[in-house]
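**Q** quick one, fold the following:
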Amino acid sequence: MSVRTVSSQADAANPLGYEKEGKLLVGFAIPCIISMLVTSLYNIVDQIFIGQGVGLLGNAATNIAFPLSIACTAIALLLGIGSATNFSLQLGAGNEKRSAEYAGNGLCLMALFGTVLMAVTLLFLTPMLKFFGATPDVLPYAEAYTRITALGFPFLIMNTGMSKLILADGSPRYSMMSMLIGALINTALDPLFIFGLDMGMTGAALATILGQIVSFCISIRYLFHFKSVPFSRGCFTIDGDRTRKIFSYGASACFNQIAMGVVQIVLNNTLAHYGALSIYGSDIPLACAGIISKVNMIFMSFVIGISQGVQPIIGFNYGAALYRRVKKSYLLALAVATGLSLAAFACFQLFPRQIISIFGTGSEMYYQFSERYFRIYMFLTLINGIQPVTSNFFNSIGKARLGVFMSLTRQILFLLPLIVIFPLFMGIDGVMYAGPIADGAAAIVCGFFTVRELRELTRLQQKNEKTN
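**A** The predicted model follows:
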């Protein structure tokens with residue numbers, strides 16, 4: 001059977017092959033954005049209520065625990081996006097049985113990895129939090145919070161990973177609702193547990209895991225209602241070859257999260273060390289950086305939601321050899337992400353104090369540091385949509401190694417060395433200036449590889465047109 005015949009059948013059978021790219025992007029990206037916002041909301045809602053009910057040390061504690069949240073997201077995206085990408089590529093090529101096998105393999109891996117991470121965290125909790133940068137004053141708060149949230153890691157990883165498979169199956173609204181309901185439960189229980197029952201950090205953690213468990217139960221229900229493929233018991237096994245391909249296609253998104261976690265750990269320790277040598281002390285920079293990281297997560301939720309929403313569109317059409325649709329879908333996603341980046345840039349530059357005030361009050365020195373950190377570190381937010389969309393684009397078309405490289409450019413190749421080197425000469429201000437320089441360098445690298453790949457897509461499309 002020729003490629004053109006396969007793609008023609010895909011066109012007739014699946015809207016991903018014939019519906020307008022803009023309509024598909026809206027339909028898939030909006031639920032992804034909301035799902036990503038919900039993931040961010042778990043952390044941000046806790047941060048707001050903890051800031052109001054516990055104070056600065058509580059905010060610093062959630063920042064210390066944040067790398068573990070990043071680890072959960074990294075594992076979920078490794079297995080969720082890896083499974084969903086293989087699912088989409090096989091579905092686009094007409095291989096329904098293999099699509100189902102990749103989905104089942106991915107779900108088994110999610111359960112396994114979530115359980116292992118929970119066990120490791122509980123066994124090595126205190127040394128782990130100290131390694132993440134906890135000061136003696138912050139450590140008890142971080143322990144109380146993380147000891148409970150660790151119990152929810154398997155549910156969080158499975159729900160986040162399953163949401164990508166549900167999306168790839170063509171049910172973005174269901175994916176969104178499973179995440180949204182859990183976040184609403186977390187938001188409702190936070191004030192009850194923190195203020196009403198006076199449970200402090202423990203209450204915030206309990207609210208978080210209860211919301212995650214409910215979301216997990218909703219997602220599990222969908223396993224019995226997949227639209228594109230039927231499941232059998234044999235699908236739910238771990239196969240070495242399928243696992244390797246899942247890791248390969250999910251590595252880009254995973255490594256991006258791991259890089260964020262590594263940077264966060266180094267950043268926490270750098271801020272604590274150089275903060276102690278400055279007029280701010282160590283706890284103010286830790287608390288402020290934690291808040292700004294969570295606020296940036298809101299912006300990145302839009303960008304990453306767009307990049308994930310376009311994944312099944314690009315993956316299906318690339319598998320069906322519809323290269324013009326692949327190119328158009330990518331450029332459209334990039335344009336939307338850039339527009340949102342400009343809006344975020346304006347907010348970060350114009351309203352830093354107002355944003356920080358949402359998370360509780362502090363001294364004038366606290367606000368002074370926060371405003372400078374916001375305006376300098378986030379100065380090139382306006383181009384931060386390029387790297388996530390481009391990284392996921394390469395991943396979606398099966399070029400996993402290039403996708404991984406793109407995902408590591410900002411965090412590992414540029415930001416991490418700069419965070420270490422600049423403070424040696426500039427003190428704590430060096431951390432702030434490392435951000436925009438890394439952003440600019442990453443955008444240049446992504447632009448180079450993108451132009452090359454778009455030319456290749458044009459060549460493939462012209463070759464197909466001549467053949468047919």
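**Q** lowest average confidence, helix or strand, in this protein?
**A** Every helix and strand of the chain was ranked by mean pLDDT, DSSP states H and E. The lowest is helix 3-13, at a mean of 45.
**Q** what's the helix ranked longest in the chain packed up against?
**A** Across the chain, the longest stretch assigned as helix under DSSP state H is helix 429-467. Helix 429-467 is packed against helix 3-13, helix 240-276, helix 323-350, helix 364-377, helix 386-396, helix 400-408, helix 416-426, with contacts defined by 3 or more C-beta pairs under 8 Å, 6 or more residues apart in numbering; DSSP states H and E. In short, each C-beta sits where N, CA and C put it, glycine included.
**Q** most neighbours per residue, which of these?
**A** Among those, helix 386-396 has the highest mean neighbour count (mean count of other C-beta atoms under 10 Å), at a mean of 27.
**Q** now that helix: how far from the chain's centre is it?
**A** On the basis of C-alpha atoms, centre = their mean, to the nearest Å, helix 386-396 sits 13 Å off its chain's mean C-alpha point.
**Q** for it, list the C-alpha coordinates in PDB.
**A** Extracted as PDB, the C-alpha positions of helix 386-396 are listed here (Å, rounded to 0.1, in the frame of the first residue of the first chain):
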ATOM      1  CA  ILE A 386      10.000  29.300  20.800                       C
ATOM      2  CA  GLN A 387      12.000  26.600  22.600                       C
ATOM      3  CA  PRO A 388       9.100  24.500  24.000                       C
ATOM      4  CA  VAL A 389       7.100  24.500  20.800                       C
ATOM      5  CA  THR A 390      10.100  23.700  18.700                       C
ATOM      6  CA  SER A 391      11.300  20.900  21.000                       C
ATOM      7  CA  ASN A 392       7.900  19.200  20.900                       C
ATOM      8  CA  PHE A 393       7.700  19.700  17.200                       C
ATOM      9  CA  PHE A 394      10.800  17.600  16.600                       C
ATOM     10  CA  ASN A 395       9.600  15.000  19.100                       C
ATOM     11  CA  SER A 396       6.200  14.800  17.300                       C
END
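**Q** so what does it touch, helix or strand wise?
**A** Applying 3+ C-beta pairs under 8 Å, 6+ apart, one finds that helix 386-396 makes contact with helix 56-92, helix 240-276, helix 283-309, helix 311-319, helix 323-350, helix 400-408, helix 429-467.
**Q** who's in contact with it?
**A** Helix 386-396 is contacted from outside by 81, 85, 88, 249-253, 256, 300, 303-304, 306-308, 310-311, 314-315, 318, 330, 333-334, 337-338, 400, 402-403, 406-407, 409-410, 442-443, 446-447, 449-450, 453, using C-beta atoms under 8 Å, 6 or more residues apart in numbering.
**Q** surely V404 touches F255?
**A** Yes: if you go by C-beta atoms under 8 Å, V404 and F255 touch, sitting 5.4 Å apart.
**Q** any regions of the stretch 151-300 of the chain where pLDDT drops low?
**A** The model of the stretch 151-300 of the chain has pLDDT under 70 over residues 172, 227-232, 234-235, 252.
**Q** got the contact list for A441?
**A** 409-410, 413-414.
**Q** which two of those have the greatest separation?
**A** Across the contacts of A441, the longest distance by C-beta to C-beta is 7.5 Å; it joins R410 and L413.
**Q** which residues are common contacts for these two?
**A** What both R410 and L413 touch, as defined by C-beta under 8 Å, 6+ apart, is the set 441-442.
**Q** what number of residues lie near the nearest residue to M36 once chain neighbours are set aside?
**A** Excluding the flanking residues, the one nearest M36 by C-beta to C-beta, 6 or more residues apart in numbering is S301, at 3.7 Å. Counted with other C-beta atoms under 10 Å, residues neighbouring S301 total 20.
**Q** now S301: how far from Y249?
**A** 22 Å (C-beta to C-beta, to the nearest Å).
**Q** equivalent analysis for F195, please.
**A** Going from F195 to Y249 by C-beta to C-beta gives 44 Å.
**Q** cool, M406 as well?
**A** Note on M406: its distance to Y249, by C-beta to C-beta, is 14 Å.
**Q** next one: A103
**A** In this view, A103 and Y249 are 13 Å apart by C-beta to C-beta.
**Q** again, but for G196
**A** Distance of G196 to Y249, given as C-beta to C-beta: 45 Å.
**Q** what sits against the closest residue to T338 other than its chain neighbours?
**A** Leaving aside its sequence neighbours, T338 sits nearest to G385 (C-beta to C-beta, 6+ apart; 5.0 Å). Going by C-beta under 8 Å, 6+ apart, G385 touches 303, 306, 334, 337-338, 340-341.
**Q** of those residues, closest to Y366?
**A** Comparing the contacts of G385 against Y366 with C-beta to C-beta places S341 closest, at 27.5 Å.
**Q** list the contacts for the closest one?
**A** S341 sits next to 299, 303, 381-385 when contact means C-beta under 8 Å, 6+ apart.
**Q** buried among the residues you listed? Make that a PyMOL selection.
**A** Buried members of these, defined by 16 or more other C-beta atoms under 10 Å, are picked up in PyMOL with:
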select buried, resi 299+303+381+382+383+384+385
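**Q** among the contacts of S341, find me the one that's closest to I355.
**A** Distance ranking of the contacts of S341 against I355, using C-beta to C-beta, places F299 first at 11.1 Å.
**Q** would you mind measuring from the closest residue to I218 other than its chain neighbours to M110?
**A** Distances taken as C-beta to C-beta, 6+ apart place S178 nearest to I218, at 4.0 Å, with adjacent residues excluded. Using C-beta to C-beta, S178 is found at 14 Å from M110.
**Q** repeat that for S99.
**A** From S99 to M110 the distance is 17 Å (C-beta to C-beta).
**Q** same thing with F422?
**A** F422 sits 38 Å away from M110, taking C-beta to C-beta as the criterion.
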